[in-house]
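Participant: Next one to model:
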Amino acid sequence: MQEKKRSPWFIAGLILILFLSPYLGYMGASCIAGFVNGEKVYEITISGFENASIDQPLTIYLPLPLVNGESLYPDDRYQNKQFSDWKSSVVETQYGKMLAFRSTSLPVKNLHAAFEETGIFTPTLPKMRGESSLTYTPHSTDNLSTMLQYNAIDNYPEWGGPFSTYVYLPDSLADTNVDSVEIWISTKVKRTNNHFLMSSGMTYYLESHVKIPVEHISGFIPIPGFSTYVPWDRF
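Facilitator: Numbers count the residues shown, from 1 in each chain. Next comes the predicted model:
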């Protein structure tokens, strides 16, 4: 009696099941024991260079976000990343570590950069609870009153803060046709605990939004940041 020939699709299905079985087993156990899903984002937008007459490369320093006093990302996550016409790195300054962006082409253009990490297997997701906090490094002890008038403080009426920090803009900008530099930096950390048929978690935010007139551009400038967190759950 002739043996019935197996369909190629049947064989492919068996191979796929064997390949996925460890992952499916893990997911099945996770639905019972629970697993963690996460998201981390540090986003930067700097504008004001649309029609700037800047004839040499520009370097800007920005703060680094901290979660419970620990860096949101390890330093190498920020090193040598290219964002259109800007390149990032971590540098030591007189105030401590900061995130540097250096323009890599002329004319200098506006900057938008985002460092993101998301997924079930987010390897560096911090443990977050209600008392957790997002802050900046370096911390500024300088008077913020000058910069607060340029900050969109009305956007953060119920947020914690301000958490003062520094940005660095070179003095040479004062000799260009730049009228002002607008800086918006935002950190978001979301931690979701998934259990059988239910999810719960926290989303934390830290933001700074300032518009700095050219007459106030003078190296290291103290700016304020504001933070909040939102607990949630769903079925």
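
Participant: Pull the number of nearby residues for the residue nearest to Phe115 when sequence neighbours are not counted.
Facilitator: Leaving aside its chain neighbours, Phe115 sits nearest to Tyr42 (4.6 Å; criterion: Cβ to Cβ, 6 or more residues apart in numbering). For every residue, glycine as well, the C-beta is placed using N, CA and C. When counting by other Cβ atoms under 10 Å, one arrives at 24 neighbours for Tyr42.

Participant: Same question for Asp76.
Facilitator: Neighbour tally, Asp76, other Cβ under 10 Å: 8.

Participant: Over to Ser172?
Facilitator: Neighbours around Ser172, by other Cβ under 10 Å: 12.

Participant: Pretty sure it sits in a helix.
Facilitator: Yes: according to DSSP: H, G, I helix; E, B strand; the rest coil, Ser172 belongs to a helix.

Participant: which residues touch Thr93?
Facilitator: By Cβ atoms under 8 Å, 6 or more residues apart in numbering, the contact set of Thr93 is Tyr61, Pro138, Tyr168, Phe220.

Participant: List the residues that contact the residue nearest to Phe115.
Facilitator: Pro65, Leu72, Tyr73, Ala114, Phe115, Ile185, Ser186, Thr187.

Participant: Same list, those residues, but as TSV with pLDDT, neighbour count and distance to Ala52 please.
Facilitator: Shown next, in TSV, are the contacts of Tyr42 (pLDDT from 0 to 100; neighbours: other Cβ atoms under 10 Å; distance: Cβ to Cβ, whole Å):
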residue	pLDDT	neighbour count	distance to Ala52
Pro65	94	27	28
Leu72	90	22	30
Tyr73	92	17	30
Ala114	96	11	23
Phe115	96	19	25
Ile185	95	24	20
Ser186	94	17	24
Thr187	94	26	27
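
Participant: Just those residues: which are in strands?
Facilitator: Pro65, Ala114, Phe115, Ile185, Ser186, Thr187 (DSSP state E).

Participant: now, the most widely separated pair of those residues?
Facilitator: Greatest spacing in the ones in strands among the contacts of Tyr42, by Cβ to Cβ: Pro65 and Ala114 (12.7 Å).

Participant: List the beta-bridge partners for Lys211.
Facilitator: Under DSSP bridges, the beta-bridge partners of Lys211 are Glu182.

Participant: isn't it right up against Asp179?
Facilitator: No: if you go by Cβ atoms under 8 Å, Lys211 and Asp179 don't touch, sitting 9.9 Å apart.

Participant: Now the element after the worst-scoring helix or strand of the chain on mean pLDDT, going C-ward?
Facilitator: Using mean pLDDT, DSSP states H and E, the weakest-scoring helix or strand in the chain turns out to be helix 8-33, at a mean of 50. Moving toward the C-terminus from helix 8-33, the next helix or strand (DSSP states H and E) is strand 35-47.

Participant: how about the CA coordinates for that following strand, as PDB?
Facilitator: Output of strand 35-47 as PDB, limited to C-alpha atoms (Å, rounded to 0.1, in the frame of the first residue of the first chain):
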ATOM      1  CA  PHE A  35       4.400  40.200  32.700                       C
ATOM      2  CA  VAL A  36       5.600  43.800  32.300                       C
ATOM      3  CA  ASN A  37       5.200  45.900  29.200                       C
ATOM      4  CA  GLY A  38       7.000  49.200  28.900                       C
ATOM      5  CA  GLU A  39       7.700  52.400  27.000                       C
ATOM      6  CA  LYS A  40      10.400  55.000  27.400                       C
ATOM      7  CA  VAL A  41      10.700  58.100  25.300                       C
ATOM      8  CA  TYR A  42      13.000  61.100  25.500                       C
ATOM      9  CA  GLU A  43      12.100  63.600  22.800                       C
ATOM     10  CA  ILE A  44      13.800  66.900  21.900                       C
ATOM     11  CA  THR A  45      12.700  69.700  19.500                       C
ATOM     12  CA  ILE A  46      14.700  72.900  19.100                       C
ATOM     13  CA  SER A  47      13.600  75.500  16.600                       C
END
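
Participant: Having no further points to raise, I will conclude here.
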